[in-house]
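Undergrad: fold the following for me, if possible:
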Amino acid sequence: MRGVQDGFGRQHDGLVSERDARAEALLARLAGRSIALVGMMGAGKTVIGRRLAARLGLDFVDTDHEIELAAAMTIPEIFALHGESYFRDRECRVVARVIGAGSRVVATGGGAFIHAATRAAVRSGAVSVWLKADFEVLMRRVRKRSNRPILYTADPEGTMKRLIEVRYPVYAQADATVISRDGTQDQVVEDVLAALESGPLGDGAAA
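TA: Numbering: from 1, shown residues only. Now for the predicted structure:
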């Protein structure tokens, strides 16, 4: 049983073997499906997705990044030039392509799961996990970034509240819900793993 160093340079015997066994058991339950993280902008889908993928030994894909690569422009530019409807159509095609390419961890855009066709694409090849965050947490996080075109309004807080009211009932249709709270990102990853391991969704995915 070989050991591994943690972030402080300490050696922990057997840690790699234990994590590998846990990952293999979870991936077996998922039976080749991807893990799709859904939720509002600022919920932490990208940062949690990267860490989750590393824990499971899977590739990580951010669909917003893939859309920007395919369009050769930023998401704010797509919104400004073509509008939201055009963006959602491209987003649906990218999500379907990414999920259809094999098992990986996928971070979706805030509005992706709300779009019926995109939601169907997620359900066809992935287990969905809603990263749910409170309004105050979301606003604190999104204020740090300027690439949120849907919040380019005179009242971004009011816009966020309206989006929460409309979107949360749809996000609730995800296979699992995990609270994205302030604190260590690794703890949220642990919560996602626990939700995937303990819920009926694992058995459903394998069916």
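Undergrad: from now on I want contacts and neighbour counts done on CA atoms only, so please keep to that.
TA: OK.
Undergrad: contacting residues around the closest residue to A174 other than its chain neighbours?
TA: Leaving aside its chain neighbours, A174 sits nearest to S128 (5.2 Å; criterion: C-alpha to C-alpha, 6 or more residues apart in numbering). Shown in contact with S128 (C-alpha atoms under 8 Å, 6 or more residues apart in numbering): 35-38, 122, 174-176.
Undergrad: tell me where the chain has strands.
TA: 3-5, 11-13, 34-38, 60-62, 105-107, 126-132, 176-179 (DSSP state E).
Undergrad: turn those strands into JSON lines, including mean pLDDT and distance to I99.
TA: Listed next are the strands of the chain as JSON lines, based on pLDDT from 0 to 100; distance: least, C-alpha to C-alpha, whole Å:
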{"stretch": "strand 3-5", "mean pLDDT": "37", "distance to I99": "32"}
{"stretch": "strand 11-13", "mean pLDDT": "37", "distance to I99": "35"}
{"stretch": "strand 34-38", "mean pLDDT": "96", "distance to I99": "6"}
{"stretch": "strand 60-62", "mean pLDDT": "96", "distance to I99": "9"}
{"stretch": "strand 105-107", "mean pLDDT": "97", "distance to I99": "8"}
{"stretch": "strand 126-132", "mean pLDDT": "96", "distance to I99": "7"}
{"stretch": "strand 176-179", "mean pLDDT": "94", "distance to I99": "18"}
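Undergrad: dump those strands to CSV, plus distance to E91.
TA: CSV is the format used below for the strands of the chain (distance: least, C-alpha to C-alpha, whole Å):
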stretch, distance to E91
strand 3-5, 40
strand 11-13, 43
strand 34-38, 13
strand 60-62, 11
strand 105-107, 12
strand 126-132, 16
strand 176-179, 22
